[in-house]
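Participant: below are the sequence and a predicted model for it; my questions follow.
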Number of protein chains: 2
Amino acid sequence: MFNEPHLRSLPGSAAAPATAMRPLRVGMIGIGTVGGGTWAVLQRNQTLIAARAGRGIEIVAVAARNLERAAAVLQDAPGVELTRDPLRVATHPEVDVLVEVAGGTGPALEWVLAAIAHGKHVVTANKALLAVHGQTVFAAAQRQGVAVAYEGAVAVSLPIIKALREGLTANRIEWVAGIINGTSNFILTRMREDGVDFAAALAEAQALGYAEADPAFDVDGVDAAHKASLLAANAFGMPVRFDQAQVEGIRTLQALDVECARQLGFRVKLLGIARRQAEGVELRVHPAFVPAQHLLAQVDGSMNAVMVKGDASGVTMYYGAGAGAEPTASAVIADLVDVARLPAGTVAAQQRVPHLGFHPHAVDEQLAVLPRAAVHTRHYLRVPVHQAPQIEAVGAWLTAQQVPVQRMELANEKTLPACGTPQVLVLTDAVRQATVDLAVHALAAHPAVAGPVVALRVEMLEG
Amino acid sequence: MFNEPHLRSLPGSAAAPATAMRPLRVGMIGIGTVGGGTWAVLQRNQTLIAARAGRGIEIVAVAARNLERAAAVLQDAPGVELTRDPLRVATHPEVDVLVEVAGGTGPALEWVLAAIAHGKHVVTANKALLAVHGQTVFAAAQRQGVAVAYEGAVAVSLPIIKALREGLTANRIEWVAGIINGTSNFILTRMREDGVDFAAALAEAQALGYAEADPAFDVDGVDAAHKASLLAANAFGMPVRFDQAQVEGIRTLQALDVECARQLGFRVKLLGIARRQAEGVELRVHPAFVPAQHLLAQVDGSMNAVMVKGDASGVTMYYGAGAGAEPTASAVIADLVDVARLPAGTVAAQQRVPHLGFHPHAVDEQLAVLPRAAVHTRHYLRVPVHQAPQIEAVGAWLTAQQVPVQRMELANEKTLPACGTPQVLVLTDAVRQATVDLAVHALAAHPAVAGPVVALRVEMLEG
């Protein structure tokens, strides 16, 4: 087929200058932070974006709750139709592609499905929507032969979805691990830098606008789990399994453990991890010890980074802002440029980039998310004891419980916050979570133990 | 156009399963390290790659100098046509896409142009070819309506060309800076870690296979300049201007300056830099001081990393292996998957990803590479003086010469290699290169100065 040059001389194909193509017409639902940023960047860089896309990209209709506010944002654009009705935009006859940046799940699902049913492509930054309803959305889009692009849903400024779906397609992916919630990373960075506790760091994040008044979504790991489940689907050819992800946040993390991490040569990061094992996939979000010299450990403040291990590529890493009006706009507009470059109408489904990186017939519906008990990784344990010499007893007891102790020492009382009793710090070799959970539970009854045992996972993330 | 659902029911379009498409047929010139790696990964991961690409990818013809060696590599493949004639593969009637991984410029140009003339897409990892003959190759491909993909030409394992051409299309790129030569980075890492000089670190790199017997291309910055000129073209919409790049390598870098960098809180890295200025583009490769805490300064050994500053995205970074059989294969195969996903035949030129990120009509042929004298950046100066107190005279003299001194101190003689006389270390604010060059030249005649003055650029690479 590629050897039929006469096909290239069909009208409108090879020779026509890019300016001859009509612009891509965009309808947008939501003109808040992300929508406003998208509008601003499309205006500011319109010539450059058209030079890259091969044609202009124009917003022709916008749905907003507050029309006055929307009109203020759009002030230079008399040609844009403004409405309170999202479905009007989703089904608008003049719209080629819907940009959904209003957030939420229920109504957003209705709008997105309506747009797809009307043959429109969809660009969204709505990770909650895709994590919860992704299978419905992608199946509908597949039937209609339209694209659903969502680079803005994960670690916005860095094109990690593109890297997985297109850049690393040669690889059997072994694992993906990322710092994919900026709010949590900001809080953890402040805890490490100043030794403050979670509540103080959260208050600072809220004062600076890095955390919402209700921070649950971010600090309890839900937002990161939305993103991790999308990464896992694209990495392994599995459905979006947010409902099966194991999710722990940073709310109960103690300043003492952040300090103990430092003593042992680690930093605490909230990681989203998807790892292929022989029997299934680990899909989990939780705070973890990462070696202090590791590149991921250097990612501070509200920045995001995702590391991917492929069997051919080795380890690659992607770093950048994970939130913000213009970084998200950067992702939304890149998706629009991808859509603008799509051939219209008659492209076979197998000639588009598949929504989740693998063509639907090849997605392994049976690929299971491993239960918590089956996760296999290193651990950090902190065991308060009545007297320092009891470290020996703790070590012997852990070994008897099949916990492979790799290193054990006492917390340095000179540099650590006062904690009443000596603290035994343990690093284990890789071990099943079930074994650790049992041991931690049983340790409470050990006569040497003076208080609650803390256990956190240790991720070496080696190439 | 997107609203015409009837178009999607044309034969062969929406509903056909991916398996119905015939495989993409590949001809490969070169079956050495990269070619062998590409063959191995295509074999190992063929099911997975087809699941992503929507169809199989098959090597049907291979050209090699040594047929016996080639046959040994391809042993499991009786169906592959093996020949000593690269042009046979480039023009083979069964071949859809040519993979050129033989290297070199003259003959490779002939092969690639022959393939393009025969309507074949081209995938190459040959940065020298594209840096020197890119304009010729891309213009021919544009006329023929075929893709020329080259992710393997720059920082192989990490999809930086894809990031610039597709992932960051919303952005006005301000600068790109990268560690894009693994050999040099390995040598610099060894110099810093063990305080050895360039010759010893090079010998170690050669013994370990990280450097060629003739290391000139790598250590003199030529290879990095090839890559930087491709990055600049994709970032700024300019032609490939390798011929105008300013290129300095690390051969004359002294162990003493690596140590002085440490004292001042920096690390020395060989950077490829492309920076948009009001009057033109800086395009330069040279060793530079980078702040020791900077993420790029953490990139050690033979690893590569590229940092990009976009006006909307902010700073993003891409990290991974920059060489090796399978990391390069990862890039070559990703390019093949992109080609496999292309619609055949009738796609308008403006609906493919443009070769250099911008559609040809929008490339600014006039965008000039700034001459060395006009480059504007910070500097490090090391000035040997007869006596320590002469630091005052040096400082006053530099200020009189319009060199903006930001910080000045004596090298610590206890921690640095013996160097005979006191060494004045200077960090400047941003200043035109011409001013620094004049001052360094004139300093030689200053009565306080006891030897040659060393000047290196300082890059803060701030977000």
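Facilitator: On my side now, so go ahead. Numbering: from 1, shown residues only, chains lettered A, B, ... in the order given.
Participant: flag the shaky bits of chain A, pLDDT-wise.
Facilitator: Low-confidence segments of chain A (pLDDT under 70): A:1-20, A:76, A:345-351.
Participant: just give me the longest helix of it.
Facilitator: The longest helix of chain A (DSSP state H) is helix A:127-144.
Participant: please compute how far that one lies from its chain's middle.
Facilitator: 17 Å (Cα atoms, centre = their mean, to the nearest Å).
Participant: is that helix positioned near chain B?
Facilitator: Yes: using Cβ under 8 Å from any Cβ of the partner chain, helix A:127-144 reaches chain B at A:143-144. Quick note: C-beta positions are derived from backbone N, CA and C, even for glycine.
Participant: how about A:A211, phi and psi?
Facilitator: Per-residue torsions, A:A211: phi -130, psi 150 (degrees, to the nearest 10).
Participant: which one is it nearest to, not counting chain neighbours?
Facilitator: The shortest distance from A:A211 to any non-neighbouring residue, by Cβ to Cβ, 6 or more residues apart in numbering or on different chains, is to A:A205 (3.8 Å).
Participant: quick check, the one you found in contact with A:I187.
Facilitator: Yes: at 5.4 Å, A:A205 counts as touching A:I187 under the criterion of Cβ atoms under 8 Å.
Participant: got any residues that touch both of those two?
Facilitator: A:A211 (Cβ atoms under 8 Å, 6 or more residues apart in numbering or on different chains).
Participant: so between these two, which is more surrounded?
Facilitator: A:I187 (31 against 24; other Cβ atoms under 10 Å in any protein chain shown).
Participant: list the contacts for the residue nearest to that one when sequence neighbours are not counted?
Facilitator: Spatially, and ignoring its direct neighbours in sequence, A:I187 is nearest to A:A201 (4.3 Å; Cβ to Cβ, 6+ apart). By Cβ under 8 Å, 6+ apart, A:A201 lies in contact with A:186-188, A:190-191.
Participant: most neighbours of all those, which one?
Facilitator: Neighbour max across the contacts of A:A201 (other Cβ under 10 Å) = A:I187, 31 neighbours.
Participant: pretty sure it sits in a helix.
Facilitator: Yes: the assignment for A:I187 is a helix, going by DSSP: H, G, I helix; E, B strand; the rest coil.
Participant: now the spatially most central residue of chain A, what are its backbone angles?
Facilitator: Nearest to the mean C-alpha position of chain A, by Cα atoms, centre = their mean, lies A:K227 at 3.1 Å. Here is the backbone geometry of A:K227 (degrees, to the nearest 10): phi -70, psi -40.
Participant: mind checking how far it is from A:V219?
Facilitator: 15 Å (Cβ to Cβ, to the nearest Å).
Participant: surely A:Q402 meets A:V436?
Facilitator: No: the pair A:Q402 / A:V436 is not scored as a contact, 9.7 Å apart, by Cβ under 8 Å.
Participant: neighbour-wise, which of the two wins?
Facilitator: Just comparing A:Q402 and A:V436: by other Cβ under 10 Å the higher neighbour count belongs to A:V436, 23 against 12.
Participant: so A:H286, which of the three states?
Facilitator: Going by three-state DSSP: A:H286 is strand.
Participant: got the contact list for the longest helix of chain A?
Facilitator: So helix A:127-144 is contacted by A:100, A:103-105, A:108-109, A:112-113, A:116-117, A:119, A:122, A:124, A:147-148, A:150, A:153-154, A:223, A:225-227, A:229-230, A:233, A:239-240, A:242-243, A:349, A:355-356, A:360, B:5, B:8, B:14 (Cβ under 8 Å, 6+ apart).
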